[in-house]
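1. Mind looking at a prediction? Sequence and model below.
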Amino acid sequence: MSHRELDDMLGRGWRKPPLIRHKTLRWGLIAGFALYLVAAVSSIPVDWGRVYEGLDRGWQFVLAFTHPDFLTRWSDIWDGLAESIIMTVAASVVGIAISIPIGLGAARNIAPLPVYVICRAIIAISRALQEIIVAILLVAIFGFGPLAGFLTLSFATIGFLSKLLAEDIEAMDRVQAEAIRASGARWLQWINYGVQPQVMPRLVGLSMYRIDINFRESAILGLVGAGGIGATLNTAFDRYEYDTAAAILILIIGIVMGLEYLSGVIRARVQ
Amino acid sequence: MPVLSENGQQVWHRRTTKQSLVHWIGWLIGLAVFVFCWQRISEATTWFFVWDAPRIAGDIWDRATPPRWEYIAQLGRPIWDTLNIATLGTLIALVLAIPVAFLAARNTTPSRLAARPLALLVIVSTRSINSLIWALLLIAIIGPGVFAGVVAIAIRSVGFCAKLIYEAIEEIDHSQVEAITATGASRWQVMVYGIVPQILPALAGVAVFRWDINIRESTVLGLVGAGGIGLQLQSSLNVLAWPQVSLILLVILAAVVISEWVSAKVRGAII
């Protein structure tokens, strides 16, 4: 007996059910997406000759990772890197310090409505504007240098940290906070003993994560003149000094990996 | 919880004397580091410009308002390019991220000693370098334009998507995989019928989430020459055409808000 006959005897073979049940909707979505893809791909001008020429340079860059040049421009790399780290540390401290009161204000279960609305508005503005655009504006206002980068990162930290902190406070256990209040605690004591211990592990974890992000962002702020390693990296690319650029990228990746490892250790200790 | 006696009375404290001493020394070191960082930033800042900042900010505001609304006619093509950079970049990233994720997940990797560390290295190195830096590099290799932007976004997103997908793969229900294996399915069939259906919702969620982030990032890629609306932003900034700058910023803000809304809607529909 062949397979064909077996199938006929058993009725129709099993088929995987589709992701979207509705037939017209499914084919409509697929057709629409295919149409968009064709339109999008055809509207991108690609100079394949240029790409082909570039492959050689790309390969040289990959090779540069096998012999990164830390030494020739070491003083420039060190200055940029130190500035990036300094901006990261200062901006993280200030950003976290400001985002704690704003996070408290943006939690509906402990803040009155007017405070809640104001704090949520600050968070929304900070989240909608991305770092590099804020940096451009701040460089125009405050001039070149790490101050603009520091302010940019602090501002970005506020939106990120306050939002997640507020969400954590809103999800906290009311019973514990109530117990502290019932013992006759003042507002500050209530926050300190009723709310803070509940959100502390998450706050520490998020702060570590944000320090990590701040460092990564500080690496590009130099492109618009806001200080940090970005300017050095940009110059290295512009001068086709791939071995120096590779060295900088290796340093950035190494520091990010180190920070991730550190944050893992600290989070494991706190929780 | 220590109870110390003060003037014959028993008083509860949160920490023992030694603990609070360590605590305070920790804070002191933190403060010293912050003050040092702040001094370094302060040294690199021209304070004259900073005191002048409110006047400059007011001046820029005066120049930037009202936005030059008729300029929007020239922004159609850049917006289309920005959308394409984000969408095509996300698609390419997903295609690359899925195999990397399968190699990186503990329960699907073919070898823990060779393939997994390699996949993790790909994830870490693509994730820790910002898309603007990838764009800089790709422009040096394949020339400026939208194509460089697409590739930059794609590379940057691989690590992010692969990390979230491999975490989803590690969390799958093993009994379903076992059931498929028990029917005599091959390795690939197990993957398609046992693992993929379980991670599909996570995959779709990751795709939309990353697309939303990519819209944000692709709006600024033009600053380094990688196409999209950032290119217009850069040229307007160069000629100090502030009314155009303010219009572009409004358009970017609208794009970010719309993409976040779309992504929230789609994720709500999937999960």
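-> Thanks, I have the structure now.

2. When you work out contacts or count neighbours from here on, use the C-alpha atoms and nothing else.
-> Noted.

3. For residue B:6, grab phi and psi.
-> For residue B:6, the backbone dihedrals (degrees, to the nearest 10) come out as phi -120, psi 120.

4. How is the residue nearest the centre of chain A assigned, secondary-structure-wise?
-> By CA atoms, centre = their mean, chain A has its centre lying nearest to residue A:213, at 5.2 Å. Counting by DSSP: H, G, I helix; E, B strand; the rest coil, the backbone at residue A:213 sits in helix.

5. how's the chain carved up into domains?
-> Since no chain was named, I'll use chain A. Residue ranges for the domains of chain A, per automatic domain parsing: A:3-42, A:73-270.

6. The intended chain is chain B.
-> B:3-63, B:72-270.

7. ends of the longest one, how far apart?
-> The distance separating the two terminal residues of domain B:72-270, taken as CA to CA, to the nearest Å, comes to 35 Å.

8. Give me the distance from that domain to the chain's centre.
-> Chain-centre distance of domain B:72-270: 9 Å, with CA atoms, centre = their mean, to the nearest Å.

9. lowest-confidence stretch among the domains of chain B?
-> Between these, the lowest average pLDDT goes to domain B:3-63, which shows a mean of 85.

10. what's near enough to touch residue B:83?
-> Neighbouring residues of residue B:83 by CA atoms under 8 Å, 6 or more residues apart in numbering or on different chains: B:215, B:218.

11. circling back to that earlier point, what's the closest of the domains of chain B to residue A:167?
-> domain B:72-270 (16.6 Å; CA to CA).

12. Please list the residues of chain B that sit near chain A.
-> By the rule CA under 8 Å from any CA of the partner chain, the part of chain B lying against chain A is B:34, B:37-38, B:40-42, B:44-46, B:49-50, B:53-54, B:56-57, B:81, B:84, B:124-125, B:128-130, B:132-133, B:136-137, B:140-143, B:145-147, B:216, B:220, B:253, B:256-257.

13. quick one: which of those residues sit in strands?
-> Secondary structure from DSSP state E places none of the residues of chain B next to chain A in strands.

14. Pull out the buried members of those residues.
-> Buried by 16 or more other CA atoms under 10 Å in any protein chain shown: B:34, B:37-38, B:40-41, B:45, B:50, B:53, B:56-57, B:81, B:84, B:124-125, B:128-130, B:132-133, B:136-137, B:140-143, B:145-147, B:216, B:220, B:253, B:256, out of the residues of chain B next to chain A.

15. For chain A, just list every one of the strands.
-> Using DSSP E, strands in chain A do not occur.

16. repeat for chain B
-> So, for chain B - with DSSP E - the strands run B:3-6, B:9-12.

17. The first one packs against which elements?
-> Contacts of strand B:3-6 with other secondary structure elements, assessed using 3 or more CA pairs under 8 Å, 6 or more residues apart in numbering or on different chains; DSSP states H and E, are made with strand B:9-12.

18. counting contacts, what elements does the strand it packs on pack onto?
-> Strand B:9-12 packs on strand B:3-6, going by 3+ CA pairs under 8 Å, 6+ apart.

19. Relative to chain B, which residue of the stretch 151-271 of chain A is the closest?
-> Closest contact between the stretch 151-271 of chain A and chain B, by CA to the nearest CA, is at residue A:253 (5.9 Å).

20. what sits against that residue?
-> By CA under 8 Å, 6+ apart, the neighbours of residue A:253 are B:124, B:125, B:128, B:129.

21. The last one reaches residue B:158, doesn't it?
-> No - with contact defined as CA atoms under 8 Å, residue B:129 does not count as touching residue B:158 (11.4 Å).

22. Okay, the most centrally placed residue in chain B and residue A:145: tell me how far apart.
-> Compute the mean C-alpha point of chain B, and by CA atoms, centre = their mean the closest residue is residue B:213, 6.0 Å away. Distance, residue B:213 to residue A:145, using CA to CA: 27 Å.

23. Repeat that for residue B:102.
-> Note on residue B:102: its distance to residue A:145, by CA to CA, is 44 Å.

24. next one: residue B:224
-> In terms of CA to CA, residue B:224 sits 19 Å off from residue A:145.

25. Likewise for residue B:44?
-> With CA to CA as the criterion, residue B:44 and residue A:145 are 6 Å apart.

26. now swap in residue A:50 and tell me
-> From residue A:50 over to residue A:145 (counting by CA to CA), the distance is 36 Å.

27. Looking at these two, which has the bigger crowd around it?
-> residue A:145 (23 against 12; other CA atoms under 10 Å in any protein chain shown).

28. wait, what's in contact with the more buried one?
-> A:139, A:225, A:226, A:227, B:44, B:45.

29. So which of these are in helices?
-> residue A:139 (DSSP state H).

30. State the pair within the contacts of residue A:145 that is farthest apart.
-> Among the contacts of residue A:145, A:139 and B:44 lie farthest apart (CA to CA), at 13.5 Å.

31. Format the contacts of residue A:253 as CSV; extra columns: distance to residue B:29.
-> As requested, the contacts of residue A:253 are exported to CSV (distance: CA to CA, whole Å):
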residue, distance to residue B:29
B:124, 31
B:125, 32
B:128, 28
B:129, 30
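
32. if we can go back for a sec, need the winner for burial among the domains of chain B.
-> Most buried of the domains of chain B by mean neighbour count (mean count of other CA atoms under 10 Å in any protein chain shown) is domain B:72-270; its value is a mean of 20.

33. Quick check: chain neighbours aside, which residue is closest to residue B:67?
-> residue B:243 (4.4 Å; CA to CA, 6 or more residues apart in numbering or on different chains).

34. and residue A:183, how far is that from residue B:15?
-> 20 Å.

35. brain fart, residue A:158
-> 30 Å.

36. ditto for residue B:118
-> From residue B:118 to residue B:15 the distance is 46 Å (CA to CA).

37. residues in contact with the nearest residue to residue B:195 once chain neighbours are set aside?
-> Counting by CA to CA, 6+ apart, residue B:195 lies nearest to residue B:177, which is 6.6 Å off, once chain neighbours are set aside. Counting by CA under 8 Å, 6+ apart, residue B:177 makes contact with B:190, B:194, B:195.

38. Identify the residues contacting the last one.
-> With contacts defined as CA under 8 Å, 6+ apart, residue B:195 is in contact with B:169, B:172, B:177.

39. surely the second one meets residue B:197?
-> When you say that, I think you mean residue B:172. No - Residue B:172 is beyond contact range of residue B:197, at 10.0 Å (criterion: CA under 8 Å).

40. What ranges does the stretch 151-271 of chain A have for its helices?
-> A:174-182, A:187-190, A:196-221, A:230-238, A:242-270 (DSSP state H, counting those that start in this stretch).

41. let me redo that: the stretch 1-150 of chain A
-> Remark: helices assigned in the stretch 1-150 of chain A by DSSP H, counting those that start in this stretch are A:3-10, A:23-42, A:48-64, A:74-105, A:113-128, A:131-142, A:146-170.

42. Could you say which of those helices is packed most deeply?
-> Greatest burial across the helices of the stretch 1-150 of chain A, using mean count of other CA under 10 Å, falls to helix A:146-170, with a mean of 25.

43. Distance from it to the middle of the chain?
-> Worked out by CA atoms, centre = their mean, helix A:146-170 lies 11 Å from the chain centre.
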